[in-house]
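Q: here is my input, please return the structure:
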Amino acid sequence: MDILFFLLFLLYFIAIIVGLIKPTSVIRWGNPDKRNRKIVLKFYGIGLILFFVLFGLSINNIDATEEYSGTTNISENDDVQHANNNTKKEEEPFQPENENNEAEAIEEINDDTVVTGNLEVHFIDVGQADSILIKTGSDSMLIDAGNNDDSNIVVNYIKSQGINNLDYVIGTHPHEDHIGGLDAVINTFEISKILMPKQKSTTKTFEDVLTSIQNKGLKVTTPIVGETYNLGQAEWTILAPSQVQYDETNNASIAIKLEYGNNSFIFTGDAEEISELEMIKTGSLKSDVLKVGHHGSRSSTSIDFLNRVNPTYAVISVGLDNNYGHPHSEVIERLNNKNIEILRTDEVGTIIFISDGNNITYTTNKSDVTNVVAIPQPVTEESNIEDNVAAVEISKLDKKGELVTITNLSNEAVDMQGWKLVSVTGNQIFKFPQYSLNSGAFVTVGGYDSIDISDFDWEEGKGIWNNSKSDPAGLYDTNGNLVSEFND
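A: Take a look at the predicted model:
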C-alpha cells in the first residue's frame, strides 16, 4: 500500500513539473488557448491535496488497527500467563520457608487483643437520667452526669472510686438529664479532654456547663465519626453524630463503641432511629453490652440497629415510675425476642460490669443488700440493738459546724443509695449516692463549714444548718418514708 501511494505521488509530481514547462503536454482537453500553467496548478494541485488526505486517512487506519491488535495480544498473553500460574500453583503447592510462620501470625493477632487487668463500666443510678463511669487502671472517663439534682451523687460516686482526674468527659447532648451535673464534675475534677456535640441550647443548664468549661480553661472537642481514642488498654471510637445539627436534639447524641480485648460496649445517649441508621453505616456494631438509647423509649433501639449490635446485655438507665412510661413495652419486647438480658437501674440500682478482655461479669448494688428499712424506735436500757434489725437514725446535728451524723443501729448493713437527708426549714435536700452503711457504723454529711471532715459534702459555698432559725433534719428512705427526724 505504501509503494502504490508513493508511485502515484511521483507521477503527480512529474506531471506538475512537465506541465509548468509545457502545459499542452499534460492538458489534453478544452480550448488550446486556455491550456496554461494556471490550469496545470489548479488541476494537479487539487489532485495532490486529495492524495495527501487519502494517504493520511490510510496511515491512521493502519496505526489504529495495529494498536487494537497489540492490546488484544497483550490481554491474551495475560490470560495465558494467569492460566499457567494457576496450573503451576496446582502442581506445586506453596511451601513456607518457616513452618512456624502461621503460628507466629496467629500469635501476633492474638497479642493485639491481650490485655492485663480489668475494665469497669459503672452505670450510676441517677434515676430518670444517664451517668456512666468507665475506668481501667489509673485511666477513667465519664459519659454524662445526670440531672442538676444528681450533681452530688455523681461527684461523690467518682470520689468513692478514688478518682481525681478524668481523662475524658463526654456530654452526649444538651439535655438536663444528661449534662445537669456536668458543671459540678468539671469544677471538682481535673479533666484532660471534654467532648460535646455542636448542637446548642439556650437553657441555663447548658450555659452553666459552658461557664465551667471556660473557667477551667478547657476547650470543647467536637466529635468526628470514626475518630478513635485510647483509655489505657481500652479503645473507643465515635459512632455518632454524623451531622452538625438535627431537628431532634436527641439525634445529636454522641455515641461511642468501647473495646477492651475481645469485649465491647456501645453507649448511645438518647440517639433515636435516625442516628441509629446512620451508625449502621459506620461499620461493625457487634457488642456485648448495649446502653439502650433514650431510657428505653420506643423512638430508639430500632430493630435494624438492635440486630447489628446483637448484645448479650442491655442496660436501661431509667427512673422508677417516671412520667414518660419508660421503658416502653415495644422496646422490652424487642429485647426479649432476641433473648437479651435486661438490666434496669430502677430495679437493681447501680450496675457495674467488669471485663478482663474475654469475659464479662456484673454486679448491682441491690444484689445482696436488702432495701427494706423499718422506722427506728428509741433505744432504751431494756431494749436490745439486735431487736432493731434495720434501725437507722440521725444521731447528731451540729448546726454551727454544719455536720450531720447518721448511725446504723441495726445488726445488718443498710443500702442508702437514693435516701434523702432534708433540711426542713431551708427545704434543701442531700441525696445519697451508692453507699452501704454497715452495722453499728455511722456516716457524716457536711455543709459548707465541714466539707473537709465529712464523708459526704452537701453544697459547697452555701450554708445549710448554720442559721438562727429552728431547722429540723429529716431522713427519708427510697420510698419516701420518714426514717428518722432530729428536732433542734
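Q: would you mind giving the domain segments of the protein?
A: Per automatic domain parsing, the domain ranges recorded for the chain read 2-78, 119-364, 385-486.
Q: deepest of those, which one?
A: With neighbours taken as mean count of other C-beta atoms under 10 Å, the domains of the chain reach their highest mean count in domain 119-364, at a mean of 20. Glycine gets a C-beta too; all of them are placed from N, C-alpha and C.
Q: quick revisit: let's have the domains of the chain in CSV, adding mean pLDDT.
A: Output for these, formatted as CSV (pLDDT from 0 to 100):
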stretch, mean pLDDT
domain 2-78, 58
domain 119-364, 96
domain 385-486, 76
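Q: and D125, what is it in contact with?
A: Shown in contact with D125 (C-beta atoms under 8 Å, 6 or more residues apart in numbering): 317, 345, 349-351, 365, 417-418, 434.
Q: okay but G137 is in contact with A234, surely?
A: No. G137 is beyond contact range of A234, at 9.5 Å (criterion: C-beta atoms under 8 Å).
Q: hey, where'd the helices end up in the stretch 201-350 of the chain?
A: 204-215, 273-280, 303-309, 329-337, 345-348 (DSSP state H, counting those that start in this stretch).
Q: now these as a markdown table including distance to N156?
A: Listed next are those as a markdown table, based on distance: least, C-beta to C-beta, whole Å:
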| stretch | distance to N156 |
| --- | --- |
| helix 204-215 | 18 |
| helix 273-280 | 32 |
| helix 303-309 | 32 |
| helix 329-337 | 31 |
| helix 345-348 | 17 |
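Q: between those, which gets nearest to N118?
A: helix 345-348 (20.5 Å; C-beta to C-beta).
Q: next one: D247 from A234, what distance?
A: D247 sits 34 Å away from A234, going by C-beta to C-beta, to the nearest Å.
Q: D144 too?
A: From D144 across to A234, the span is 18 Å (C-beta to C-beta).
Q: over to V318?
A: Going from V318 to A234 by C-beta to C-beta gives 26 Å.
Q: and if you look at G226?
A: Distance from G226 to A234, by C-beta to C-beta: 17 Å.
Q: can you pull up the bridge partners for E235?
A: N230, E259 (DSSP bridges).
Q: repeat that for V121.
A: Bridge pairing for V121 - DSSP bridges - gives I134, F353.
Q: correct me, but it touches I266?
A: No. In this structure V121 lies outside contact range of I266 using C-beta under 8 Å: 11.2 Å.
Q: give the residues shared as contacts by those two.
A: Joint contacts of V121 and I266 (C-beta under 8 Å, 6+ apart) are 258, 289.
Q: quick one: the helices in the stretch 51-200 of the chain, in order.
A: For the stretch 51-200 of the chain, applying DSSP H, counting those that start in this stretch gives helices covering 101-111, 151-160, 176-179, 182-188.
Q: quick one: average pLDDT of the longest one?
A: This means helix 101-111. Mean per-residue pLDDT for helix 101-111: 38.
Q: quick check: nearest residue in space to E412, chain neighbours excluded?
A: Leaving aside its sequence neighbours, E412 sits nearest to S439 (C-beta to C-beta, 6 or more residues apart in numbering; 5.6 Å).
Q: give the contact list for that neighbour.
A: Applying C-beta under 8 Å, 6+ apart, we find S439 in contact with 408, 410-413.
Q: picking that back up, N358 is nearest to which of the helices of the stretch 201-350 of the chain?
A: Closest to N358 of the helices of the stretch 201-350 of the chain is helix 303-309 (C-beta to C-beta; 19.3 Å).
Q: so what secondary structure elements neighbour the closest one?
A: Where contact means 3 or more C-beta pairs under 8 Å, 6 or more residues apart in numbering; DSSP states H and E, helix 303-309 is packed against helix 273-280, helix 329-337.
Q: select, out of the ones you listed, the one closest to I394.
A: Closest to I394 of the helices and strands packed on helix 303-309 is helix 329-337 (C-beta to C-beta; 39.8 Å).
Q: can I get the closest one as PDB, trimmed to CA atoms?
A: In PDB, the C-alpha atoms belonging to helix 329-337 read as follows (Å, rounded to 0.1, in the frame of the first residue of the first chain):
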ATOM      1  CA  SER A 329     -43.200  -2.100  76.100                       C
ATOM      2  CA  GLU A 330     -42.200  -2.200  72.500                       C
ATOM      3  CA  VAL A 331     -38.500  -2.000  73.400                       C
ATOM      4  CA  ILE A 332     -38.700  -4.600  76.100                       C
ATOM      5  CA  GLU A 333     -40.400  -6.900  73.600                       C
ATOM      6  CA  ARG A 334     -37.700  -6.400  71.000                       C
ATOM      7  CA  LEU A 335     -35.000  -7.200  73.600                       C
ATOM      8  CA  ASN A 336     -36.900 -10.200  74.900                       C
ATOM      9  CA  ASN A 337     -37.400 -11.600  71.400                       C
END
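Q: which residues does it contact?
A: Applying C-beta under 8 Å, 6+ apart, the external contacts of helix 329-337 come out as 292, 296-298, 300-301, 303, 306, 314, 342.
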